[in-house]
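> got a sequence here, can you build the structure:
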Amino acid sequence: MNWLKISWKNIWYKPLSSILSILLLAFGAGIISLLLNVSEQLEKQFTKNIAGIDMVIGAKGSPLQLLLSSVYQIDAPTGNIDLKEYKKLLKNPLVKTGIPLAFGDNFEGYRMVGTESSYLDLYNGEIKEGQLWSQSGEAVIGARVQELTELELHKSFSSSHGFNAEMGDNHDHFKYQVVGVLKPTGTVLDKLILTNIESVWDVHKHEEHEEHEEHEGHEGHDHKEKPKEITAAFIKFKSPMGIMSIPRYVNQKTSMQAALPAIEINRLFSLMGTGISTLKSLAFLIVLISGISVFISLYQSLKERKFELALLRTMGATRFQLFSLVILEGLVISIIGFLAGMAFSKIAMKIISGMAEEIYQYNLQTTFFSKEEGLLFLGILALGFVASILPSVQAFRLNISKTLGDA
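Coordinates of the predicted model:
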């Protein structure tokens with residue numbers, strides 16, 4: 001006898017109850033898988049991008065906003081800081097290195113970042129084509145920027161003010177030229193257009209000059225050159241002592257703000273973790289309800305199929321084979337539910353990745369099958385097995401003569 005074929009036909013003996021059990025399993029397993037994938041990808045992205053950064057400094061405001069805007073490039077900056085104040089901090093004996101950042105413009109939604117070549121070293125950035133910038137107006141583009149825009153080596157372009165491609169004014173008076181293309185790194189570097197800080201200052205000189213002339217025309221004041229500013233900077237300490245004292249000094253004694261990436265990211269994950277844990281608990285509850293549904297479906301189906309099972313016994317089937325038959329039905333329902341849940345999870349992850357790409361230029365990877373999903377599969381199988389135990393025991397204890405006599 002083909003027991004798998006018999007199990008399959010028994011499952012669809014009552015299609016509505018079987019479909020309900022499969023949908024509940026698929027929904028619960030899919031949500032759990034999706035949450036596992038999203039949290040894993042976010043944690044990987046967040047931790048990968050703060051490697052080598054002990055402290056971030058910027059204008060006063062929210063430390064988390066400062067971190068998100070300068071490290072991950074997914075929020076508006078808190079403001080600008082004086083270049084002289086930053087350079088003064090670099091002279092502190094506990095500070096090893098600093099990487100300045102200046103931004104505020106974009107090209108088709110991809111941020112322009114003025115910085116130094118050491119910024120690339122943070123993310124193991126390497127040139128694939130061309131070379132690094134050497135003067136104002138030269139730019140190096142990330143791998144995703146090259147892939148998703150018309151920019152390529154030696155091409156000229158103008159940036160737009162702000163971080164939204166549709167809302168900013170174009171800086172047509174200043175042209176950049178692409179002199180280099182970076183290899184993919186899987187970090188924030190892939191979605192940026194990099195140049196030197198002087199380029200960012202030069203772009204806005206024209207606007208400052210026009211504002212000054214308009215101001216002079218109305219009030220007749222003498223021109224006073226505006227001090228040079230940067231948006232943020234990454235600081236690396238010589239020893240752990242720097243973490244103990246420098247952030248407090250910056251926050252209390254300067255006009256700047258200090259944010260420690262490790263602390264802020266842990267705080268963010270703790271806030272996200274509460275919501276993810278709640279959703280996981282809800283998904284586990286749905287899976288548990290689906291297990292009860294599988295049990296009810298098999299139990300009711302068994303009551304209506306006693307005569308068929310008794311006939312199988314008369315045809316030579318053993319008690320253990322009937323027991324295994326009902327167990328197999330529960331496992332088949334569990335496998336179908338799990339596979340449907342995985343399909344739902346991967347499709348949903350693709351949609352979320354597309355939204356993250358469109359809004360934040362972040363590409364979340366979709367893993368084919370993770371270790372956690374393997375454990376989830378075993379858990380779903382165990383649930384199907386447990387739900388099948390009582391109906392299987394009833395099939396094992398089936399009284400052939402009484403069942404056939406009642407029929």
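
> show me the contacts for residue 59.
66, 77, 78, 79, 80, 81, 255, 256, 257 (C-beta atoms under 8 Å, 6 or more residues apart in numbering). C-betas here are computed from N, CA, C, even on glycine.

> centre of the chain to the strand or helix carrying residue 287, how far?
Assigned by DSSP states H and E, residue 287 belongs to helix 261-304. Per C-alpha atoms, centre = their mean, to the nearest Å, the displacement of helix 261-304 from the mean C-alpha position of its chain is 20 Å.

> give me the helices and strands touching it, please.
helix 15-49, helix 63-70, helix 319-360, helix 371-396 (3 or more C-beta pairs under 8 Å, 6 or more residues apart in numbering; DSSP states H and E).

> quick one, that helix and helix 15-49 angle?
Helix 261-304 runs at 170 degrees relative to helix 15-49, counting by axes from the mean of the first three to the mean of the last three C-alpha atoms, to 10 degrees.

> just give the nearest non-adjacent residue to residue 338, would you?
residue 380 (4.7 Å; C-beta to C-beta, 6 or more residues apart in numbering).

> tell me the contacts of the one you found?
25, 29, 287, 334, 335, 337, 338 are the contacts of residue 380 under C-beta under 8 Å, 6+ apart.

> now residue 183
125, 126, 127, 128, 143.

> residues in contact with the most centrally placed residue in the chain?
Nearest to the mean C-alpha position of the chain, by C-alpha atoms, centre = their mean, lies residue 42 at 3.4 Å. Listed by C-beta under 8 Å, 6+ apart, the contact partners of residue 42 are 272, 364.

> and it, how far from residue 394?
Remark: distance between residue 42 and residue 394 (C-beta to C-beta, to the nearest Å) = 47 Å.

> now a ChimeraX select for only the buried ones of the contacts of residue 183.
Here is the ChimeraX command that selects only those of the contacts of residue 183 that count as buried (16 or more other C-beta atoms under 10 Å):
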select :125,143
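
> filter the contacts of residue 183 down to just the ones in strands.
Counting by DSSP state E, the part of the contacts of residue 183 found in strands is 127, 128.

> burial of residue 226, as a residue count?
Applying other C-beta atoms under 10 Å, we find 12 residues neighbouring residue 226.

> do residue 160 as well
21.

> so who does it touch?
105, 106, 107, 168, 169, 170, 171.

> do residue 238 as well
93, 94, 95, 96.

> just send those back as JSON lines, with pLDDT too.
Listed next are these as JSON lines, based on pLDDT from 0 to 100:
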{"residue": "93", "pLDDT": "93"}
{"residue": "94", "pLDDT": "94"}
{"residue": "95", "pLDDT": "94"}
{"residue": "96", "pLDDT": "94"}
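
> closest to residue 117 out of those?
residue 96 (16.8 Å; C-beta to C-beta).

> the strand or helix carrying the closest one packs against which elements?
Assessed by DSSP H and E, residue 96 sits inside strand 95-107. Judged by 3+ C-beta pairs under 8 Å, 6+ apart, the packing partners of strand 95-107 are helix 83-90, strand 110-115, helix 118-122, strand 160-161, helix 197-219, strand 229-230, strand 232-237, helix 241-253.

> the ones you listed: lowest mean pLDDT?
Lowest mean pLDDT within the helices and strands packed on strand 95-107: helix 197-219, at a mean of 66.

> how about the closest residue to residue 262 other than its chain neighbours, what does it touch?
Nearest residue to residue 262 in three dimensions, chain neighbours excluded: residue 50, at 7.0 Å (C-beta to C-beta, 6+ apart). Counting by C-beta under 8 Å, 6+ apart, residue 50 makes contact with 71, 261, 262, 265.

> show me the shaky parts of the chain.
Filtered on pLDDT under 70, the chain yields the residue ranges 1-3, 6-7, 10, 165-168, 206-225, 301-317, 358-363, 395-407.

> dump the helices and strands packed on helix 261-304 into JSON lines; add distance to residue 234 as well.
Below are those laid out as JSON lines (distance: least, C-beta to C-beta, whole Å):
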{"stretch": "helix 15-49", "distance to residue 234": "11"}
{"stretch": "helix 63-70", "distance to residue 234": "8"}
{"stretch": "helix 319-360", "distance to residue 234": "20"}
{"stretch": "helix 371-396", "distance to residue 234": "33"}
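
> tell me which of those helices sits nearest to residue 164.
Going by C-beta to C-beta, the one of the helices and strands packed on helix 261-304 nearest residue 164 is helix 319-360, 10.6 Å.

> and the closest one, what does it pack onto?
So helix 319-360, by 3+ C-beta pairs under 8 Å, 6+ apart, packs with helix 3-11, helix 15-49, helix 261-304, helix 306-314, helix 371-396.

> looking at those helices, which one is packed in the most?
Most buried of these by mean neighbour count (mean count of other C-beta atoms under 10 Å) is helix 15-49; its value is a mean of 19.

> just after it, pick out the following helix or strand.
Following helix 15-49 toward the C-terminus (DSSP H and E): strand 55-59.

> and that next one with helix 241-253, angle?
Going by the same axes, to 10 degrees, strand 55-59 makes 10 degrees with helix 241-253.

> adjacent strands (with direction) for strand 55-59?
strand 232-237 (antiparallel), strand 256-259 (antiparallel) (DSSP bridges).
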